[in-house]
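Colleague: coordinates only, no sequence provided:
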Ligand SMILES: O=C(O)/C=C(\CC(=O)C(=O)O)C(=O)O
């Protein structure tokens, strides 16, 4: 049995989250979360840049129920590389309540892609955050995108806002729906009306295949209060950014907890309080329903909405 030692300073997920005051609408989807291992059962990848604590499917499903959500989208985390077994195992165990986003390499066969599809995978993730992954050539990624397009999948992209200009041509050439993680990680200490966020808004405005997760205020916040100690208006420096994206593009936004919150350095949020951020960024029941139910259902459980 392999045992793993966590990256020094690693913060474990919050053990007893509070009950949110905000009640998610029936059928709500947590559209960005992960499972880690358990390492003894699903070893972490040799090429990983961090070693997390375990975060099992049973713990994820318990959190889902506690927070009042109905379904999960489990995104392959880089600590598992392109070994999707832990994520797939969670999708299978969910009885149809979880779908997945995989990481794949060019060497994957069509049969393997089809089998991922059968297990509930509906997208691949391309990660451009340099602290998390080694560089993959763009032609390899474009080839993968072309292949998964045929399965009706989308591409999830994760990058830092400063890198958007350089990545623009690649992103805008992708042949699928494109889902941006965490609003492209804006620097929220800059003006919401400044050039950095304007470029991201232009990206979404001019390319109607681009969606955004309005997630991870706990990662983006610079000066807002943390989702701890009963704070139900946390991370309010991030709220205007997320709210603007929700109001401009109500049919192309998703929300997720990001549980178990890999690589947070200074605090671990109480997930119940994180859910209470939602009514600050989606301020009407209609916007909340689109964000939490209609949009993720269209993308991940297409067969149920047709
Ligand atoms: O959970 C996230 O979305 C963000 C991550 C981790 C990650 O993406 C990964 O390991 O794949 C991060 O910023 O460290």
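Modeller: Right, received. Where do you want to start? Bear in mind that the values here come from a model prediction, so they are computed numbers and not experimental data. Residues are numbered from 1 along each chain as shown.
Colleague: so where's the stretch 1-150 of the chain shaky on pLDDT?
Modeller: 1 (pLDDT under 70).
Colleague: might you enumerate the residues of the stretch 101-250 of the chain proximal to the ligand?
Modeller: The stretch 101-250 of the chain comes close to the ligand at residues 127, 132, 158, 181, as judged by CB under 6 Å from any ligand atom. Bear in mind the C-beta positions are built from the backbone N, C-alpha and C, glycine included.
Colleague: from those, which ones fall inside strands?
Modeller: 127, 158 (DSSP state E).
Colleague: now distance to residue 192 and neighbour count too, for the residues of the stretch 101-250 of the chain next to the ligand, in JSON lines please.
Modeller: Output for those, formatted as JSON lines (distance: CB to CB, whole Å; neighbours: other CB atoms under 10 Å):
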{"residue": "127", "distance to residue 192": "26", "neighbour count": "18"}
{"residue": "132", "distance to residue 192": "26", "neighbour count": "16"}
{"residue": "158", "distance to residue 192": "21", "neighbour count": "20"}
{"residue": "181", "distance to residue 192": "19", "neighbour count": "24"}
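Colleague: okay, and the residue nearest the centre of the chain sits in which element?
Modeller: The C-alpha lying nearest the average C-alpha coordinate of the chain belongs to residue 32 (CA atoms, centre = their mean; 3.2 Å). Element membership for residue 32 (DSSP states H and E) is strand 29-33.
Colleague: same thing with residue 66?
Modeller: Judged by DSSP H and E, residue 66 forms part of helix 57-67.
Colleague: picking up where we left off before, could you work out the most separated pair of the residues of the stretch 101-250 of the chain next to the ligand?
Modeller: 132 and 181 (11.1 Å; CB to CB).
Colleague: anything in contact with each of these two?
Modeller: residue 158 (CB atoms under 8 Å, 6 or more residues apart in numbering).
Colleague: quick revisit: check contacts around the nearest residue in space to the residue nearest to the centre of the chain that is not next to it in sequence.
Modeller: Excluding the flanking residues, the one nearest residue 32 by CB to CB, 6 or more residues apart in numbering is residue 256, at 2.6 Å. By CB under 8 Å, 6+ apart, the contact set of residue 256 is 30-33, 73, 75, 213, 215.
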